[in-house]
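Engineer: output the structure for:
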Amino acid sequence: MKSEYDLSKLKSRKNPYASKLKRPVTMRLSEDVVDYFKGMADESGVPYQSLINLYLRDCLAKSRKVQINWPQAA
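Structural biologist: Below is the predicted model of the structure:
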C-alpha cells in the first residue's frame, strides 16, 4: 500500500448487506432430493445449493406451510 494513504482516520460502519448474508447450516437430505436439485442445477447452470435456497425462499415469500398427516395410533 502506498505510504500517502492514511486509513487511520476512516470511520467504520456496519455492512449494509449483512442482513442478506447466508448462514451455513448442516442438513440431512434424502439422496433423491439432492439428485433432483443437482439435475435442475445442471440444466440451469445454477449451483444446486442456490436452487434449494431459492425454493425455500419462494416458500417463505408465499407463506407455504407443510401439511403432515401422521397416522393415528391404534
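
Engineer: tell me the mean pLDDT for stretch 33-45?
Structural biologist: Averaged over stretch 33-45, pLDDT sits at 97.

Engineer: just the buried positions in that stretch, please.
Structural biologist: For stretch 33-45, a neighbour-count test (16 or more other Cβ atoms under 10 Å) marks 37, 41 as buried. Where you see a C-beta, it was placed from the backbone N, CA and C, and this is true even at glycine.

Engineer: can I get it as CSV, trimmed to CA atoms?
Structural biologist: Taking C-alpha atoms only, stretch 33-45 is exported to CSV below (Å, rounded to 0.1, in the frame of the first residue of the first chain):
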residue,chain,number,x,y,z
VAL,A,33,-33.9,-34.8,-3.2
VAL,A,34,-30.3,-33.9,-3.7
ASP,A,35,-30.2,-35.7,-7.1
TYR,A,36,-33.4,-33.8,-8.2
PHE,A,37,-31.8,-30.4,-7.4
LYS,A,38,-28.5,-31.4,-8.9
GLY,A,39,-30.3,-32.3,-12.1
MET,A,40,-32.0,-29.0,-12.1
ALA,A,41,-28.7,-27.3,-11.4
ASP,A,42,-27.1,-29.0,-14.4
GLU,A,43,-30.0,-27.8,-16.7
SER,A,44,-30.0,-24.2,-15.4
GLY,A,45,-26.3,-23.7,-14.7
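
Engineer: contact partners of that stretch?
Structural biologist: Here stretch 33-45 makes contact (Cβ atoms under 8 Å, 6 or more residues apart in numbering) with 46-48, 50-52, 55.
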